[in-house]
Every structure is written in structure tokens, then in C-alpha cells.
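*Asks:* Below is the sequence, then the predicted model.
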Amino acid sequence: MALLLALQPHFPSLSVDDASKALSIPDLRAALGDFSSGRSYTARNGHHLASPDCPLPFSHIHAWHKLRIQQRSVQNPLSLRPAQTIQAVPPSPALPFGRANTVLISHESGELFSAESDKRYLVAQVRAILQPITDPSSPPLIYVEFFKFSSAHFVVVDDTRIVAPAPKIEMFVVHHHLRSNDRRLGGIVQLVPNSLLPLHDYTCCFTRSENNQPMLWRSAVVLSEQFGYSYQEFLGVKVDKAASSPKERQEARARIAKYYDVDLQTDATKISLPSWQHIPVPGADEAELPSNFQPIQYFRVFKVLVQLYEHALGSSYYFNLYCKKELVGSVAVFAREDNSPCKACAVRRENQSVVRGVITIPPAIINKIIVHHSATPSEKTLDNTVNQIAQSLTGQLEDLSGNVIAFAQGGNQAPAVSADQAISKMIRPAEVTLLSSALAEHAEDDKQPVHFFDWQRHVDLFPSGWKDESKPSAPK
């Protein structure tokens, strides 16, 4: 990794106190004092031990608005990746809050991402890029404000605590790290190769925080020793490697199901069985099931397959599925803006790359739909149930601010969206399909995960089209 700073600083030869004012960092001198003392962050327990007027071994510093990082490709070490910029622009009338990029740094106070590595990482916001003016010259430093990962979401592997994404949303939850006076906790970090990773390039989404409310960080990559692309180890499961045996695979599936509080066997016992008698499930003699597995009769799990164009909106957005205004599930698309210099993004945009997601409709919601639509025995068919489920669902495309971009009513009886009210075909989902699967459970061990079989692709959920919510409705 190469760290690139312009030869001419944006703020050349500022006194430390002037720099503190120019960069809007009141505790800059104290932070530099702590760093110069040689006391580590953990030894200080994150506290400023240096006084606000402490003497320093230098009187002036250089400061920059930005630095660039360049790395070699993990796939091809002979190839250089495009340089990435990290900005640390102080507040000004044009930018009242400045522009400070967020990074992932290797830090002694951070969290573990893997039980196989003792490297700790945390999220930080770069507020200033500095270099003390000394003879001989000193290495560059950054002043950062720290975030901390939520303590509510972690797993323990081999007695090692590892930070984990929050269930269901698959995002890491972080908070601003605050001092006892409610000011953000900041400190000096030395810039060294392989210690810092720009989050705007390696992550999908990082939302703003107000009043220290939780922030969400969704990782697009997981750290390897070279900061390359890899899959994250999860609950002791290396998902990029095949299981060594069927038993190992079953045990891993059971841990994951427990982590996400998925218990379909129990769900199957809570349905109104008389209303589900028409739901077809192949018998054990009709399906190839694992040894000692038996079908769960009259019960199917319904899922929605969603395929969305990655660059439909030129930014990140969500597909939300609702049933009677109750949110069923979401699929998030994390995309860079159209003006991004990323060449890989440009290729995916040109090829209309698609993001795929699957939403499981909770069996309790399916049960309500089936019970509500009482019918004569002749009308109780799987096709009719599928249509009733589709008619109960609606879909919305929403931007990161929650603004509704497009709306669709499920089922083939929904009014068709007129051409002048329809969303562009480049924005509407590539596919939203209702699927279902039968389940089989182990005859003797109810702790084993269920086996899915007899998958069926049913209907396009939104055949009547997607309405552009930015357009006014036509007068009636």
C-alpha cells in the first residue's frame, strides 16, 4: 500500500493552536501531547492525559485536505488498483460540517473480525491529516473521531469474541464513541501502510448519525491480511469453503438458524391446520430426502425472489415488501453514484448488473391470509392460495431517505399502471417472483435444521406494473 500526500500542504506551517482553530479540533494539542508521550491508547484507556496547554516537541505542523491510497490488486499483485482519495476538509461557510471520510483502521482498541487473526479494527472518521514540522522530518499523522461497534451483536468462536452484523439487516451497528462530557472521542493515529482502509470504496452504506443514534455499516468486503475481497467467517463457518462432511454442514446450518431465530418446525405447529389441508406436500416415497427425514404435511414456506438493477437510480436504494402495510422484508441495493470514477462500477452499469435478494414471508402472515380467505373445498387449491398471497402484497422502491420512488400492487387483479404513470423500465425490478418449498424434518432429532425440497416457482408478484410516485396521479 502506498500513501500519497501532495508536496504542497493545504495549510503550510501552522502553529498547533492556529491549526486547532482552522481545523475545528479543540483538543488537537492534547491529542498530539498524548501521542508524543508514547503512552498507548489502551494504556490511557482512551483518556486525554495531556493538558490542553501541554508542551510539544514541535511548534508547527503542516495539514492537508486529502490523501490518496494506492494498493496492488489482490487477484493480480503485479497490477495497481486505482488510487482512492480520503478527504478531511474542515468546516467552512460552503461546507458547514466539513467533509470527513470514514475509514476502517487497525487499532489496539478495535474489535476482532476473525478468530484466526489477532488484528483489531474499528471505524473512524478522518478529521485532519497532519505532519509535525521537525528535523529530521516526522511521519504523517491523522486525527480521527472513533466509532465503536455495538456490544449487542457479536459471536463467540473458540472463546474469542468476534463482532458480527445485526440479525436480519446484515449490517454492523456502530455508535459515535463519546467522552463523559458527551464530546466525540478523538485521537491521533500514525499513518502506516496497511493500517487504514477507505470505507467509501470497500463498503456499501454508511448512514449519518444524529444524537449518537446507531449507524449502520454494511461491509462489501471482509478483511484479509491484504485487505482483499473475501467472505467473512460467520459463527465459525467459512462460507467460501465447502463443508468437510454432511454433519459439519448440518451443524453449521443449525447455528445460523438459531442465530437468526429461525424455527420453521415450531412455525409449522402454529398454523391453523384445517385451513391448510389443501396445501400439497410430496410424500417421503415421492421425494429424495436425506436419511431419517420426513415431510411436514400441509405446510410450505413462501419466499419472494427479488432481482434489482444495481445502478437503476445512480445511488443506493431499497426494495420493501409489505402485507397490509406491515413490512415483510427488504432487499438493499448499495451502489455508487453514476459519476463515480470506479471502472468496475462503469462496467457493471453498462452491463445492467443485477442484485439478487430473497425475502421469506413469515408463516404467521401466510396463515392470516389463508384463514382470512375462507373458501369452499373446491376453491381451496394451491393456485388460489398463491393468488391470495400475491393480492395481499405490495412493493415499494425507496431511496435512503425513505422517499417512495415507485409502488406496485400485487396480484393479477390489480389495476394496470398506465404508460404515462409507469416507472422507467430501467428502474423497475428485473424480477419479483413468489416461490414456495415443502419442508422435511429429522424423525428423531428436532434440533437438526429442516430440509427444503419440492421448490416451485409460482407467479410474478406485480404483473400490473410499477407506478412512478414522483408523477402526479391522473385526474379521475
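*Replies:* Looks like it arrived, so ask away.
*Asks:* any low-confidence regions in the stretch 251-400 of the chain?
*Replies:* 338-345, 374-378 (pLDDT under 70).
*Asks:* just so I have it, where are all the strands in the stretch 151-300 of the chain?
*Replies:* Secondary structure of the stretch 151-300 of the chain, counting by DSSP state E, counting those that start in this stretch: strands at 154-157, 160-163, 172-176, 186-190, 196-198, 203-206, 215-219, 233-234, 237-238, 293-309.
*Asks:* Whichever helix or strand comes after the longest one versus strand 293-309: what angle between them?
*Replies:* Translated: strand 293-309. For strand 293-309, the succeeding helix or strand toward the C-terminus, using DSSP states H and E, is strand 317-323. If you take axes from the mean of the first three to the mean of the last three CA atoms, to 10 degrees, strand 317-323 sits at 130 degrees to strand 293-309.
*Asks:* Buried residues, strand 317-323. List them.
*Replies:* Buried residues in strand 317-323, defined by neighbour count with 16 or more other CB atoms under 10 Å: 317-323. All C-beta atoms are positioned from the backbone trio N, CA, C, and that covers glycine.
*Asks:* Same check on stretch 146-164?
*Replies:* Buried, per 16+ other CB under 10 Å, within stretch 146-164: 146-150, 155, 157, 162-164.
*Asks:* Now compare these and name the two farthest from each other.
*Replies:* Across these, the longest distance by CB to CB is 24.9 Å; it joins 146 and 157.
*Asks:* which SSE is residue 88 in?
*Replies:* Per DSSP H and E: residue 88 is located in strand 84-89.
*Asks:* Just checking: what are the partner strands of that strand?
*Replies:* Taking DSSP bridges as the criterion, strand 84-89 forms sheet pairs with strand 66-70 (antiparallel), strand 99-100 (antiparallel).
*Asks:* want to throw these into TSV with mean neighbour count?
*Replies:* TSV is the format used below for the strands paired with strand 84-89 (neighbours: other CB atoms under 10 Å):
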stretch	mean neighbour count
strand 66-70	18
strand 99-100	17
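*Asks:* could I get those strands as CSV with distance to residue 40 and mean pLDDT?
*Replies:* What follows is the strands paired with strand 84-89, written out as CSV (distance: least, CB to CB, whole Å; pLDDT from 0 to 100):
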stretch, distance to residue 40, mean pLDDT
strand 66-70, 24, 84
strand 99-100, 24, 86
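*Asks:* would you list those strands in JSON lines and tack on distance to residue 258?
*Replies:* Below are the strands paired with strand 84-89 laid out as JSON lines (distance: least, CB to CB, whole Å):
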{"stretch": "strand 66-70", "distance to residue 258": "40"}
{"stretch": "strand 99-100", "distance to residue 258": "39"}
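*Asks:* Quickly list what residue 62 is bridged to.
*Replies:* residue 131.
*Asks:* do residue 309 as well
*Replies:* residue 354.
*Asks:* who's in contact with it?
*Replies:* Contacts for residue 309 (CB atoms under 8 Å, 6 or more residues apart in numbering) come out as 333, 352-355, 426-427, 429-430.
*Asks:* Distance check, it against residue 369.
*Replies:* 29 Å (CB to CB, to the nearest Å).
*Asks:* again, but for residue 128
*Replies:* In this view, residue 128 and residue 369 are 56 Å apart by CB to CB.
*Asks:* Comparing those two, which residue is more hemmed in?
*Replies:* When neighbours are counted by other CB atoms under 10 Å, residue 128 comes out ahead of the other of residue 128 and residue 369, with 28 against 20.
*Asks:* Please identify the helix or strand for the closest residue to that one other than its chain neighbours.
*Replies:* In space, residue 128 comes closest to residue 143 once its chain neighbours are excluded; the distance is 4.1 Å by CB to CB, 6 or more residues apart in numbering. Element membership for residue 143 (DSSP H and E) is strand 141-149.
*Asks:* can you check residue 364 too?
*Replies:* Assigned by DSSP H and E, residue 364 belongs to helix 363-372.
*Asks:* Quick one: distance of that helix to the chain centre.
*Replies:* Centroid displacement of helix 363-372 relative to its chain, using CA atoms, centre = their mean, to the nearest Å, is 30 Å.
*Asks:* Please work out which residues outside that helix touch it.
*Replies:* Helix 363-372 is contacted by residues 264, 267-268, 270-272, 275-276, 299, 301-302, 323, 326, 328, 385, 388-389, 392 when judged by CB under 8 Å, 6+ apart.
*Asks:* Now the buried members of these.
*Replies:* Counted by 16+ other CB under 10 Å, those give 264, 267-268, 271, 275-276, 299, 301-302, 323, 328, 385, 388-389, 392 as buried.
*Asks:* so of these, which ones are in helices?
*Replies:* 264, 267-268, 385, 388-389 (DSSP state H).
*Asks:* Quick check: the farthest pair among those?
*Replies:* Farthest pair in these (CB to CB) is 264 and 388. Separation: 21.1 Å.
*Asks:* now do the same end-to-end measure for stretch 396-405.
*Replies:* One end of stretch 396-405 sits 7 Å from the other (CA to CA, to the nearest Å).
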